[in-house]
Structures are given as structure tokens and as C-alpha cells.
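# Next one to model:
(one chain, ligands or ions: 1)
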Amino acid sequence: MLNYTHISDLSNLKDTIENAIELKADPFKNAELGKHKNLVMLFFNSSLRTRLSTEKAARQLGMHVSILNVNEAWELEFEDGTIMNAGSAEHVKDAARVISQYADIIAVRAFPNLKDKALDQSEYILNSFVKYATVPVVNMESATGHPLQSLADAITITEHHKEKRPKVVLSWAPHSKILPQAVPNSFVETMQLLDVDLTITHPTGYELNPEITKDTPIIYNQKEAVQNADFIYVKNWSTYEPYGKNINQDANWMMTKAKLGNAKFMHCLPIRRNLIATDEVLDHENSLIIEQANNRTFAAQIVLKQLLLNLNN
Ligand code: CP
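Residues are numbered from 1 along each chain as shown. Sure thing, here's the model as predicted:
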């Protein structure tokens with residue numbers, strides 16, 4: 001694996017999940033692997049979990065970590081051939097090659113602007129680092145995907161389903177802000193690679209990119225969709241077509257204990273309580289939100305481990 005920008009970069013998802021679970025049982029087993037190696041984490045946007053879990057993962061592999069909040073550095077230019085006489089002080093072509101002098105792996109968080117669909121879909125920030133950096137690049141949530149989160153979610157589901165092929169439901173929930181589609185996109189793509197029965201439920205108009213959902217069933221009646229579910233993953237996202245709109249804030253789509261039934265509740269966090277799901281759901285023993293957050297460390301660690309093994313060969 002040269003970079004980790006998408007779940008499909010893993011050559012074998014099921015083996016990776018099993019290896020992450022083994023690593024969780026003995027997190028310092030590879031504490032020498034990253035010795036004298038530096039992870040540079042670039043944040044174009046805020047983070048709590050991704051920042052702390054990825055740093056912890058790197059340190060458990062013996063790596064050093066440098067963190068740059070990019071908005072506190074020079075404003076970057078991403079267009080090729082432009083005359084840089086406006087705001088941008090440094091071209092990403094130079095910045096990525098310079099950062100590669102200080103990094104053995106670069107990790108990037110860069111959200112979409114949710115205004116220009118073509119620009120967001122081009123993944124111009126993440127892909128500029130892939131193009132110009134001379135070291136591996138890890139996606140810490142980009143415009144269209146969050147593969148570290150979905151790997152942690154897959155680890156969590158694997159740990160909890162022991163007996164049968166689980167029914168997994170991805171349910172939209174209301175939100176007052178316009179949020180990206182990155183988490184649901186990666187969740188769907190990851191579940192499609194596993195032996196699970198995946199259903200998506202959302203109000204009309206919230207269809208995700210059809211190139212991602214493919215033939216995954218979509219049921220527009222939430223109560224019907226969650227019947228007999230083993231895992232219900234709740235998340236808000238804005239519309240894909242027309243792009244980046246918040247067309248429905250119907251509180252009836254909030255997850256309640258009655259709708260959850262005996263299913264396990266999942267969410268990537270951060271979550272707005274009593275908007276996305278009730279306190280009762282979030283604080284119930286069937287809520288996996290803290291386990292998911294814990295598994296972010298082992299998702300990041302197994303990815304960094306694979307990249308380091310590649311570097312050392
Ligand atoms: N789930 C997630 O990525 O959390 P942060 O935005 O806090 O990193």
C-alpha cells in the first residue's frame with residue numbers, strides 16, 4: 001500500500017480488521033517499527049478524535065509526530081500555472097515537497113466546501129498532496145471520504161457480530177448545519193466489502209452519490225428500514241443532488257430507543273444530543289460510540305503499520 005486515501009487501498013479488508021483486533025490486544029508489539037520516523041499531520045479543519053487517535057497510534061508504533069494547523073501557516077495555492085499575486089503565499093507543489101523533507105508519512109484532513117460539487121469531487125487538496133509529496137499520504141477525512149473512520153467502524157462491527165450475517169442500517173438524521181457526505185460514503189463503501197446485509201434509509205432527496213451506493217437498498221421509511229437491525233449507524237449529511245443543501249430538518253428522523261429496539265447504536269461523533277439521537281440512546285448499553293472512538297486508534301495504527309512495513313522494505 002503506497003497511500004491510504006480510500007478503503008480500497010487496503011489489499012485485504014477482512015485481514016486488516018483481524019490484524020487491527022490483534023494489535024488492540026498488544027498495542028506496543030511493533031513499538032520499534034516507527035523508530036526514527038516522523039508522521040506529519042496537516043489539519044485544514046478541526047478535529048478531536050482523528051487528531052488524538054492518529055497521534056496515539058503513531059506513538060504506539062514508535063513514531064514521532066508533528067502537527068500543523070494549516071490555516072495558521074502560509075495560505076496555499078492549488079491551481080497550476082496561476083500568477084500568485086493574490087492571497088496565496090505558497091504553492092502546494094512546493095509545500096508538499098518541503099513537508100516531505102520532514103515527514104516519512106503525511107496525513108491530511110481537508111473537508112469539502114459543499115458549494116462547488118466538481119471541486120469537492122476532485123479532492124484537489126488530498127490529491128495535490130498525493131501528487132506532489134514524496135512520501136505516503138493518509139486521508140484523515142477528505143471532501144468525499146473518511147476511510148479511517150469507516151475502518152474503525154468495521155472493526156467495531158466485527159468485534160460485536162459473532163454469530164450471523166448482521167443487518168446494518170445507515171440512517172440519516174436531522175441537523176441544523178450543512179454537513180459533508182464523507183462519513184456515510186466511506187461507511188457504505190466499507191460495508192459493501194464485508195459480509196453484512198446493508199440498508200440505507202433517509203428522506204427523499206438525500207440520496208448519496210449513486211456511484212457509491214450502487215445496488216445497496218434504500219428504504220425511505222425509517223421505521224420499516226430499521227426493523228430487526230443488528231447495527232444502526234446514524235449520521236446527518238447534506239444533499240448530493242442538488243449539491244450541499246439542507247432540505248429537511250424533520251425531528252421524526254432522530255434516533256429514539258423505541259426505533260433502536262435491540263440494535264447496537266453507532267455514530268462517528270461528534271454528535272448533537274437530542275437532535276441526531278436521544279440521550280437515552282447515546283447513554284444506553286447498546287451504544288457503541290465510545291468503542292468506535294477507541295477503535296480509531298487501532299484503525300490508524302494498522303494503516304500506519306502497513307505503510308511503515310512498505311517503507312522499511
Ligand atoms: N469522527 C471524527 O473524525 O472525529 P473528529 O472530527 O473529532 O476527528
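
# Return the residues of the stretch 51-200 of the chain in contact with the ligand.
The stretch 51-200 of the chain has residues 141, 149 near the ligand, with proximity defined as C-beta under 6 Å from any ligand atom. Bear in mind the C-beta positions are built from the backbone N, C-alpha and C, glycine included.

# at 8 Å what do you get?
Near the ligand, the residues belonging to the stretch 51-200 of the chain are 51, 53, 109, 140-141, 146, 148-149, 183 when assessed by C-beta under 8 Å from any ligand atom.

# how about TSV for the residues you listed, with pLDDT added?
Shown next, in TSV, are these (pLDDT from 0 to 100):
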residue	pLDDT
Arg51	98
Ser53	98
Arg109	98
Met140	99
Glu141	98
His146	98
Leu148	99
Gln149	99
Val183	99
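
# Can you tell me which of those end up in helices?
Of the positions in those, 51, 53, 148-149, 183 sit in helices, assigned by DSSP state H.

# with those in mind, which one is nearest to the ligand?
Gln149 (5.2 Å; C-beta to the nearest ligand atom).

# isn't that closest one right next to Met266, touching?
No. In this structure, Gln149 is not within contact of Met266 by C-beta atoms under 8 Å, at 10.6 Å.

# Now Leu179. Nearest residue, chain neighbours left out?
Distance criterion C-beta to C-beta, 6 or more residues apart in numbering; nearest residue to Leu179, sequence neighbours excluded, is Asn236 at 5.2 Å.

# Need the residues of the stretch 51-200 of the chain next to the ligand in JSON lines (columns: distance to Ala96).
Below are those laid out as JSON lines (distance: C-beta to C-beta, whole Å):
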{"residue": "Arg51", "distance to Ala96": "20"}
{"residue": "Ser53", "distance to Ala96": "24"}
{"residue": "Arg109", "distance to Ala96": "15"}
{"residue": "Met140", "distance to Ala96": "15"}
{"residue": "Glu141", "distance to Ala96": "18"}
{"residue": "His146", "distance to Ala96": "21"}
{"residue": "Leu148", "distance to Ala96": "20"}
{"residue": "Gln149", "distance to Ala96": "24"}
{"residue": "Val183", "distance to Ala96": "26"}
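
# Those into a markdown table, with extra columns for neighbour count?
Compiled in a markdown table, those are given as follows (neighbours: other C-beta atoms under 10 Å):
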| residue | neighbour count |
| --- | --- |
| Arg51 | 18 |
| Ser53 | 24 |
| Arg109 | 25 |
| Met140 | 26 |
| Glu141 | 26 |
| His146 | 27 |
| Leu148 | 26 |
| Gln149 | 26 |
| Val183 | 22 |
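
# what two of these are the furthest from one another?
Arg51 and Val183 (16.3 Å; C-beta to C-beta).

# Neighbours of Asn209, how many?
By the criterion of other C-beta atoms under 10 Å, Asn209 has 16 neighbours.

# list the contacts for Ser150?
Contact analysis of Ser150 by C-beta atoms under 8 Å, 6 or more residues apart in numbering lists 7, 183, 186-187, 189-190.

# 10 Å instead, please
6-7, 13, 182-191, 193, 233, 268, 299 (C-beta atoms under 10 Å, 6 or more residues apart in numbering).

# just Thr54 next, same as before
Counted by C-beta under 10 Å, 6+ apart, Thr54 has contacts 39, 41, 47, 65, 67, 107, 109, 138, 140, 148, 296-297, 299-301, 303-304.

# now the strands for the stretch 201-313 of the chain?
Here the stretch 201-313 of the chain has its strands, by DSSP state E, counting those that start in this stretch, at 218-219, 231-235, 264-266.

# Run through the stretch 151-300 of the chain and note the low-pLDDT ranges.
By pLDDT under 70, the stretch 151-300 of the chain has no low-scoring segment.
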